[in-house]
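> Here is the input, now give the coordinates:
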Amino acid sequence: MKKKLISNRKIQAKLVLTAGEIDRDYAGREIVIICNLNGAFMVTADLVRLLRTPLRVDFIRYTSYKGAGSTGTVTGSMDLTEDISGKPVILVEDIIDTGLTVNKIREDLAGLHPSEMRVFSLLYRKGGMTPDYGCFEIEDGFVFGYGLDLDG
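This is a model prediction of the structure:
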């Protein structure tokens, strides 16, 4: 069944508010935005255009999904071009379901010694992991659109 959960207008309005929050939190500091491809590409692009904070963007590709279901195992690659040692990092996700993928990414990024690490997610599940910067809490069910994809 297809139904629109959140309008583009609401997404953009929430991104403006969240970008303002990030700008306040990181005033005067350069941050590294790490986008988890492919799903977070669209929201990352929209978010970084709104940020006034100096930033660099890098990309990783981690997933625990095959089609519309979780495999229970996280696979991925972290071929960062930015040195994040000693720098504040914000991981950008499209959706957080169980937190399995985010926890694995955080673990891997911690080995690169950022000064701090926060998580932004466009969507996150009720009763699950809550990101530092979360736009919309949603119920269970498969969602797609705005860059959210099948197979990670």
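
> Longest helix in this structure, by number of residues?
Taking DSSP state H as the criterion, the chain has its longest helix at helix 8-25.

> Give the other helices and strands that the helix or strand hosting R49 contacts.
Using DSSP states H and E, R49 maps to helix 41-50. Here helix 41-50 touches helix 8-25, strand 31-36, strand 55-66, strand 88-96, going by 3 or more CB pairs under 8 Å, 6 or more residues apart in numbering; DSSP states H and E. From N, CA and C alone the C-beta is placed, and that goes for glycine too.

> Mind checking the pLDDT average for that helix?
For helix 41-50, mean pLDDT is 96.

> Please export the C-alpha coordinates of that helix as PDB.
Output of helix 41-50 as PDB, limited to C-alpha atoms (Å, rounded to 0.1, in the frame of the first residue of the first chain):
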ATOM      1  CA  PHE A  41      22.400  11.000  -0.500                       C
ATOM      2  CA  MET A  42      19.300  13.200  -1.000                       C
ATOM      3  CA  VAL A  43      18.900  14.300   2.600                       C
ATOM      4  CA  THR A  44      22.700  15.000   2.900                       C
ATOM      5  CA  ALA A  45      22.600  17.200  -0.200                       C
ATOM      6  CA  ASP A  46      19.700  19.200   1.200                       C
ATOM      7  CA  LEU A  47      21.100  19.400   4.700                       C
ATOM      8  CA  VAL A  48      24.600  20.600   3.700                       C
ATOM      9  CA  ARG A  49      23.100  23.400   1.500                       C
ATOM     10  CA  LEU A  50      21.300  24.700   4.600                       C
END
